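# got a predicted structure plus its sequence, pasted below:
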Amino acid sequence: MSLTPRIAALVSRPQNAWNLLAESTKLQRTFQFKNFIEAFGFMTCVALRAQQMNHHPEWSNVFNKVDITLTTHTTKGLTEKDIKLAEFIDTVCTKH
Ligand SMILES: C[C@H](O)[C@H](O)[C@H]1CNC2=NC(N)=NC(=O)C2=N1
């Protein structure tokens, strides 16, 4: 499947959607958790997968919030790796 329908699935859903930024070169989302430890556990889940994929998020954490941006630096755009990491984040790291 090409990227477009998979990107559309991430950004067009009514809830928990990702935002498409910077002329569709970035996927962005802010996650809010019960507390800092939940946020940190989420970041750990993402970090382990990112390292395994050799594809790393641009992110920041303030207390119970994590702001994530996904883009591929080498191509300055969205690639399969960004979509895969977003899908992993949604299906694995946010289920607890
Ligand atoms: C040398 C190393 O493999 C590259 O810099 C990897 C690391 N992680 C990466 N992460 C992201 N988001 N984009 C990249 O292009 C990228 N490249």
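Yep, it's here. Note that the coordinates shown come from a computational prediction; the quantities given were computed from them, not determined experimentally.
# get me the contact residues on this protein for the ligand.
Neighbours of the ligand within the chain, by C-beta under 6 Å from any ligand atom: 54-56, 72-74. Glycine gets a C-beta too; all of them are placed from N, C-alpha and C.
# run through the bridge partners of the nearest residue to residue 60 once chain neighbours are set aside.
Nearest residue to residue 60 in three dimensions, chain neighbours excluded: residue 67, at 5.0 Å (C-beta to C-beta, 6 or more residues apart in numbering). In this entry, residue 67 is beta-bridged to residue 30, residue 60, by DSSP bridges.
# need the contact list for residue 7.
Residues near residue 7 by C-beta atoms under 8 Å, 6 or more residues apart in numbering: 20, 24, 27, 78, 83.
# distance check, it against residue 25.
11 Å (C-beta to C-beta, to the nearest Å).
# thinking again about what came up before, any of the contacts of residue 7 buried? List them.
Buried members of the contacts of residue 7, counted by 16 or more other C-beta atoms under 10 Å: 20, 27, 78, 83.
# looking at these, which are in strands?
The members of the buried ones among the contacts of residue 7 that map onto strands under DSSP state E are 20, 27.
# take the buried ones among the contacts of residue 7 and write them to a markdown table, including pLDDT and distance to residue 37.
Output for those, formatted as a markdown table (pLDDT from 0 to 100; distance: C-beta to C-beta, whole Å):
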| residue | pLDDT | distance to residue 37 |
| --- | --- | --- |
| 20 | 96 | 31 |
| 27 | 98 | 26 |
| 78 | 97 | 31 |
| 83 | 97 | 29 |
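# any chance of the buried ones among the contacts of residue 7 in CSV, plus distance to residue 50?
Below are the buried ones among the contacts of residue 7 laid out as CSV (distance: C-beta to C-beta, whole Å):
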residue, distance to residue 50
20, 20
27, 14
78, 16
83, 14
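# find residues that contact each of residue 7 and residue 25.
residue 78.
# which residues touch residue 14?
For residue 14, no contacting residues are found, by C-beta under 8 Å, 6+ apart.
# name the SS class of it, please.
coil (DSSP: H, G, I helix; E, B strand; the rest coil).
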